[in-house]
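K.L.:
Let's see this in three dimensions:
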Amino acid sequence: MLAYKVVTTIDELESYKETWSAILERQQNDNPFIEYEWISTWWKIFGQEENVEIYIVEHDGEAVAFFPFVHVIRFGSIHQFSFLGQGLASYMEVIADKKWNEQALQYVLKEMISQFTRVVFFFHGLLESKDTSQMLEQYTLERQLPHSVFRVVTPYIDFKTIDLPDFLKKHKRKFKSIHRREKRLKKFGQVTFQRVHNGNLDNMFRLFERRWRKKMDTSGFTQERTRAFIEQLARQQNEALRLKVHSLQFEKIWIGFTVDICCRGRNFCHAMGHEPDFNLFGPGRLIEKENMLEAHNANLKLYDFGSGYEPYKFEWYTHLDFTRKFIMSTTGMRERALRNVIVLHETILAILKTNRKIVEWKRNTLGEIRYFLTRANMNEWLTMLKCKVMNAHLITIYYLEKKSYDNKPIFHEIAIQSVLEHNQRTEILANYFKGYKLFGQNNQEIAYLRHDKWIREEAVGFLQELPLNTTYIKNYELPKLHLIVNEVQREGRAISTSAKWFEWRKRKQLTALGFQRVEHVWMHQLFKWKKVYRQQTKWGKYLAYQGRKLEHGWHLTLLSLLL
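P.N.:
I've put the predicted structure just below:
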């Protein structure tokens, strides 16, 4: 005969720890959010402010099922029961042996409805691959109880059904793109992907805050209680449940991380983030790739991306599951009305979350607006207005023929390791990615930037290939210009550079050093409308002077006509 009792304190639940864990071990449970360690940790940190009630079903005095609920009384007499962990637990389930699952579920629902009369049940995180959601649906249909079901896609990789070489071949283009960026990053320094064992997760939380500084973060990942929960869970490792943190580091600086919860062969991707300063090098995609391969090498069966419609999940998945929210109530008018309100809220939420444009607008646009209204300084405001609202540029491209100099070098190339703590690291790293070489008299002061292949004027969106044996220089101080020119031409190279229309001192000095004007470029921008105009004058002459055919002349001419 079945009976039940209600546990309302974590001390009472502690006596059932072995029984709880034994049930999950027998069922070979791979849902980390119903393991005793996860539930007890959540209760200690989050549940103190919640009315947590664990319903324990017993058969002949032995516990055979556990139902982890949060009990709330609404509008005076309506009792709402939900699974605990909403907002943090992606999946939830009844903790029961398979032979008792349906019987215990029906028994508890019947007893609760009999006791409280007016009841609304809100069960989140029910995987369709399990039996509980189907049992609930059958129960409501047989008793004609009003109910609603919401489902969201849950992609995952089933390592048991794939051959790794075939998987790599299927995603060859993506892996090739990731490898290209990884190779570019490794060219500048050492890149490592490693497990974090010392429990110090401060770097991870700081990196996450930087990643979402100008975005709208609804996860609460860096909130005090969530942070305490993750740190506590990381310290409670056992064979069934493990929280793993991996870091992606460049020259011992964190540029990415993953937080995974592993439970009996399932690797659940809980959180991931990367350093925004390194965006151009693709650290997010790199850590995705490394994390998947690490899970495969650890002989895990499932690589679970979690519920949601984020595009990257559908780039890698091999199988789909669905996660349900099941909302049911008794037949009274008041509880039906409350259920309808909850259903309306969930319907609107589902529509918004499945529309990627709305999700990205909220995350990026609203996040940026919030940042500028609350945290941005005046320079950031001016830069934003200049880049996104209205802008205009007129620049002139200058060229200096190669000459011979025999002077000692006074500038040296600055390695990327020397600027990782620089206060303008974002812009500097972008220059390395674009192929610039940085030179200075010391590692703290950058004298000029140099590119041996392209003229790049990002402000106007201008890109043009250089003639052979020519170097483009920019971001230099005028008093050092003649020294820079001498040093570059000491290598027997011609020089190209640019000047804006209002930089009259710069234009005057370039002319005095023998530079010739070879092209004018205009750019006008108003919000998203942008137009670039080019007037070429003497590029053909200088290409011919160097004994080269006009290999690029036809497309330069065509481009100018199109513009």
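
K.L.:
contacts and neighbour counts: CA atoms only from here.
P.N.:
Noted.

K.L.:
starting at the chain centroid, how far to stretch 257-272?
P.N.:
15 Å (Cα atoms, centre = their mean, to the nearest Å).

K.L.:
Could you work out the end-to-end span of it for me?
P.N.:
Start-to-end span of stretch 257-272 (Cα to Cα, to the nearest Å) is 6 Å.

K.L.:
Please list the residues outside that stretch that contact it.
P.N.:
Around stretch 257-272, the neighbours that count as contacts under Cα atoms under 8 Å, 6 or more residues apart in numbering are 28-32, 204, 239-248, 256, 273-274, 287, 291, 295, 299-306.

K.L.:
Pull out the buried members of those residues.
P.N.:
Using 16 or more other Cα atoms under 10 Å as the burial test, these include 29-32, 204, 240-248, 256, 273-274, 287, 291, 295, 300-306 as buried.

K.L.:
Among these, which ones are in helices?
P.N.:
Among these, the residues falling in helices (DSSP state H) are 204, 287, 291, 295.

K.L.:
of all those residues, which comes closest to residue 159?
P.N.:
Nearest to residue 159 out of those is residue 295 (Cα to Cα; 9.2 Å).

K.L.:
tell me the pLDDT at that closest one?
P.N.:
Residue 295 carries a pLDDT value of 94.

K.L.:
go on, residue 539?
P.N.:
55.

K.L.:
pLDDT-wise, which helix or strand of this protein ranks last?
P.N.:
Here the helix or strand of the chain ranked lowest by mean pLDDT, DSSP states H and E is helix 553-562, holding a mean of 46.

K.L.:
Give me the subset of the contacts of stretch 257-272 lying in strands.
P.N.:
The members of the contacts of stretch 257-272 that map onto strands under DSSP state E are 241-248, 256, 273-274, 302-304.

K.L.:
Identify the farthest-apart pair in these.
P.N.:
Across those (Cα to Cα), the longest gap, 25.2 Å, separates 241 and 274.

K.L.:
in this structure, what spans have low per-residue confidence?
P.N.:
The chain contains residues with pLDDT under 70 at 198-199, 404-406, 536-563.

K.L.:
tell me which residues in the longest helix seen in it are buried?
P.N.:
Using DSSP H to define each element, the chain has its longest helix at helix 333-354. For helix 333-354, a neighbour-count test (16+ other Cα under 10 Å) marks 334, 335, 336, 338, 339, 340, 343, 346, 353 as buried.

K.L.:
One more: stretch 464-476?
P.N.:
466, 467, 470, 471, 472, 473, 474, 476.

K.L.:
So which of these is the closest to residue 403?
P.N.:
For those, the nearest to residue 403 is residue 470 (11.6 Å; Cα to Cα).

K.L.:
check contacts around the closest one.
P.N.:
Neighbouring residues of residue 470 by Cα under 8 Å, 6+ apart: 452, 453, 493, 494, 495, 496.

K.L.:
let's see 6 Å
P.N.:
Applying Cα atoms under 6 Å, 6 or more residues apart in numbering to residue 470 gives the contacts 493, 494, 495.

K.L.:
Those in strands, which ones?
P.N.:
Counted as lying in strands by DSSP E, out of the contacts of residue 470, are 494, 495.

K.L.:
quick one: which of the contacts of residue 470 has the most company?
P.N.:
When neighbours are taken as other Cα atoms under 10 Å, the top entry among those is residue 495 (24 neighbours).

K.L.:
wait, what's in contact with that residue?
P.N.:
Residue 495 makes contact with 399, 400, 470, 471, 472, according to Cα under 6 Å, 6+ apart.

K.L.:
With residue 34 instead?
P.N.:
Contacts of residue 34 were listed using Cα under 6 Å, 6+ apart, and none were found.

K.L.:
let's go with 8 Å and repeat that
P.N.:
Going by Cα under 8 Å, 6+ apart, residue 34 touches 92, 93, 95.

K.L.:
For the nearest residue to the last one once chain neighbours are set aside, what are phi and psi?
P.N.:
Closest residue to residue 95 in three dimensions, ignoring its sequence neighbours and counting by Cα to Cα, 6 or more residues apart in numbering: residue 66, at 5.0 Å. Main-chain dihedrals, residue 66, degrees, to the nearest 10: phi -130, psi 140.

K.L.:
which non-adjacent residue is nearest residue 43?
P.N.:
residue 10 (7.3 Å).

K.L.:
Pull the number of nearby residues for that neighbour.
P.N.:
Using other Cα under 10 Å, residue 10 has 18 other residues around it.

K.L.:
For residue 465, see how far away it is.
P.N.:
Computed as Cα to Cα, the residue 10 to residue 465 distance reads 69 Å.

K.L.:
C-alpha coordinates for the helix or strand hosting residue 187, PDB please?
P.N.:
Using DSSP states H and E, residue 187 maps to helix 172-188. Taking Å, rounded to 0.1, in the frame of the first residue of the first chain, the C-alpha atoms of helix 172-188 are listed here in PDB:
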ATOM      1  CA  LYS A 172      34.900  19.700 -42.900                       C
ATOM      2  CA  ARG A 173      34.200  23.300 -43.900                       C
ATOM      3  CA  LYS A 174      33.500  24.500 -40.400                       C
ATOM      4  CA  PHE A 175      36.500  22.700 -38.900                       C
ATOM      5  CA  LYS A 176      38.700  24.200 -41.700                       C
ATOM      6  CA  SER A 177      37.400  27.700 -40.900                       C
ATOM      7  CA  ILE A 178      38.100  27.200 -37.200                       C
ATOM      8  CA  HIS A 179      41.500  25.700 -37.900                       C
ATOM      9  CA  ARG A 180      42.400  28.800 -40.000                       C
ATOM     10  CA  ARG A 181      41.700  31.100 -37.100                       C
ATOM     11  CA  GLU A 182      43.400  28.900 -34.600                       C
ATOM     12  CA  LYS A 183      46.500  28.800 -36.800                       C
ATOM     13  CA  ARG A 184      46.500  32.600 -37.100                       C
ATOM     14  CA  LEU A 185      46.200  32.900 -33.300                       C
ATOM     15  CA  LYS A 186      48.900  30.300 -32.700                       C
ATOM     16  CA  LYS A 187      51.200  32.200 -35.000                       C
ATOM     17  CA  PHE A 188      51.300  35.000 -32.300                       C
END
